[in-house]
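# this one's sequence-less:
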């Protein structure tokens, strides 16, 4: 069964760096039709795309958050890692790891992980 | 960035009603428009891609249409499991962007 699973801290302090890991199963990070994105959702609010890494390791970022984001992957571990620097309470929300398939869209979602920012 | 404007932000409807949700892009996106359904406490799921291609397993009461800047998601006869929030998303160019969502509630 194809899955994506997010892991990382539930709570971070303001100004700290958040590191989230997405572990994928049953699909290859080298599949040239697929890539992995991170999308977040503040409580009660809309979805916000953050970052994407493609099968050839190209990286794309949200315009507004580009300076704070970094996405990388380890194909041997089947993992995609997102870091967000200088965390603030406005960054509170559910962070989803999502597979993006060309010509389809975000076709497979992880269950998401809730991140809270508080001192 | 391409802005996606969804309307209405919420609606109340009864079982069996026909429901229409609109999504407008700030520039032409051809047919690079996807629709997602999100139920409370769950991750979104892909309903329709490329404006009108229904994903496998999605009931035929869901239809998508449009091109350019104006798109529509229609539910022909609302069922209990359709009460959810629906998002449009453009895949024409990065940064990929979502609409603010339309919450479909029970009347």
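Ah, there it is. Everything quoted here is computed from the prediction, not taken from an experiment.
# which residues in the chain form strands?
You didn't pick a chain, so chain A it is. A:3-7, A:11-12, A:18-25, A:34-41, A:48-53, A:59-61, A:69-74, A:79-84, A:93-101, A:105-109, A:113-117 (DSSP state E).
# wait, I meant chain B there
Counting by DSSP E, the strands of chain B are B:4-7, B:10-13, B:19-25, B:33-38, B:45-49, B:53-54, B:62-67, B:70-75, B:85-90, B:97-98, B:102-106.
# who does the longest one pair up with?
Which is strand B:19-25. Sheet pairing of strand B:19-25 (DSSP bridges) gives strand B:4-7 (antiparallel), strand B:70-75 (antiparallel).
# mean neighbour count added to those, as a markdown table?
All C-beta atoms are positioned from the backbone trio N, CA, C, and that covers glycine. Output for the strands paired with strand B:19-25, formatted as a markdown table (neighbours: other Cβ atoms under 10 Å in any protein chain shown):
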| stretch | mean neighbour count |
| --- | --- |
| strand B:4-7 | 17 |
| strand B:70-75 | 20 |
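# got these as a markdown table, with mean pLDDT columns?
Formatted as a markdown table, the strands paired with strand B:19-25 follow (pLDDT from 0 to 100):
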| stretch | mean pLDDT |
| --- | --- |
| strand B:4-7 | 98 |
| strand B:70-75 | 98 |
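# redo these as TSV? Include distance to residue A:89.
Output for the strands paired with strand B:19-25, formatted as TSV (distance: least, Cβ to Cβ, whole Å):
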stretch	distance to residue A:89
strand B:4-7	26
strand B:70-75	33
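# figure out which of those strands is closest to residue A:83.
Closest of the strands paired with strand B:19-25 to residue A:83 is strand B:4-7, at 27.0 Å (criterion: Cβ to Cβ).
# show me how far the closest one is from its chain's centre.
In terms of Cα atoms, centre = their mean, to the nearest Å, the centre of strand B:4-7 is set 10 Å apart from its chain centre.
# ok, and what's touching it?
Strand B:4-7 has contacts (Cβ atoms under 8 Å, 6 or more residues apart in numbering or on different chains) with B:21-26, B:87-90, B:97-102.
# can you list the residues of chain A near chain B?
Counting by Cβ under 8 Å from any Cβ of the partner chain, the residues of chain A close to chain B are A:37, A:46-49, A:52, A:60-63, A:96, A:103-107, A:109-112.
# if any of those residues are buried, put those into a PyMOL selection.
Entered in PyMOL, the line below selects the buried ones among the residues of chain A next to chain B, by 16 or more other Cβ atoms under 10 Å in any protein chain shown:
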select buried, chain A and resi 37+46+47+48+49+52+60+61+62+96+104+105+106+107+109+110+112
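# residue contacts, the residue positioned nearest the centre of chain B?
By Cα atoms, centre = their mean, chain B has its centre lying nearest to residue B:35, at 4.0 Å. Applying Cβ under 8 Å, 6+ apart, we find residue B:35 in contact with B:23, B:46-48, B:62, B:64, B:73, B:86-89.
# switch the cut-off to 10 Å
Residue B:35 makes contacts with A:105, B:21, B:23, B:44, B:46-49, B:51-52, B:54-55, B:58, B:62, B:64, B:71-73, B:86-89, B:99, as judged by Cβ atoms under 10 Å, 6 or more residues apart in numbering or on different chains.
# of those residues, just the buried ones, PyMOL syntax please.
Selection of the buried residues among the contacts of residue B:35 in PyMOL, burial being defined by 16+ other Cβ under 10 Å:
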select buried, (chain A and resi 105) or (chain B and resi 21+23+44+46+47+48+49+51+52+55+62+64+71+72+73+86+87+88+89+99)
